[in-house]
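In: What would the 3D arrangement of this be:
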Amino acid sequence: MIKNSKVSSNINQWNIEYDQNGFVSDEKWLVTAEKTEDILQLSHIYHEGPILDVGFYTENYKIYVIYDNDWDKPKEVFESKKTEFIENKLYELIDKYANA
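Out: Sure thing, here's the model as predicted:
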């Protein structure tokens, strides 16, 4: 059950592959996350769809949009020191890529 009111119904288009801090159940999931490269990873329900990956690298949080497992050439990268910017961008990307 989704308890994070910021998550749209488009989350149903995604599989949660890795979730360090209860993304769908806690609106403060990123604030409480340990600052590691592995915070959250969502993969699209369609095999050829994207991966959304959230991690912390050196001084910034980053979101990578990955197609075809090509981590060397992400389709998009967004980074910020501010958790609220990362969270808002992630919610936007979940909707943007919902239909792959």
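In: Helices of this protein, start to end?
Out: 83-96 (DSSP state H).
In: Now do the strands in it.
Out: Ranges of strands in the chain, per DSSP state E, are 14-19, 40-44, 51-57, 60-66, 76-80.
In: Which strands and helices lie in contact with the last one?
Out: By that I understand strand 76-80. Packing partners of strand 76-80 (3 or more C-beta pairs under 8 Å, 6 or more residues apart in numbering; DSSP states H and E): strand 60-66, helix 83-96. From N, CA and C alone the C-beta is placed, and that goes for glycine too.
In: Tabulate the ones you listed (TSV), appending distance to residue 47 and mean neighbour count.
Out: Output for the helices and strands packed on strand 76-80, formatted as TSV (distance: least, C-beta to C-beta, whole Å; neighbours: other C-beta atoms under 10 Å):
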stretch	distance to residue 47	mean neighbour count
strand 60-66	13	19
helix 83-96	18	17
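In: Of these, which is nearest residue 42?
Out: When these are compared by C-beta to C-beta, helix 83-96 sits nearest residue 42, at 7.2 Å.
In: hmm, who's touching the closest one?
Out: Residues from elsewhere that reach helix 83-96, judged by C-beta atoms under 8 Å, 6 or more residues apart in numbering: 6-8, 10-11, 13-14, 30-31, 40, 42, 52, 54, 61-63, 65, 76, 78-80.
In: try 10 Å this time
Out: With C-beta atoms under 10 Å, 6 or more residues apart in numbering as the test, helix 83-96 has contacts from 4, 6-11, 13-14, 23, 27-33, 39-40, 42, 44, 50, 52, 54, 56, 60-63, 65, 76, 78-80, 82.
In: Drop the exposed ones from those and show what's left.
Out: 4, 7, 11, 13-14, 23, 29-30, 33, 39-40, 42, 44, 50, 52, 54, 56, 61-63, 65, 78-79 (16 or more other C-beta atoms under 10 Å).
In: hey, what's residue 55 bridged with?
Out: residue 62 (DSSP bridges).
In: Do I have it right that it meets residue 71?
Out: No: when contacts are counted by C-beta atoms under 10 Å, residue 55 is not listed as touching residue 71 (11.6 Å).
In: okay, and the common contacts of these two?
Out: With C-beta under 10 Å, 6+ apart as the test, residue 55 and residue 71 both reach residue 64.
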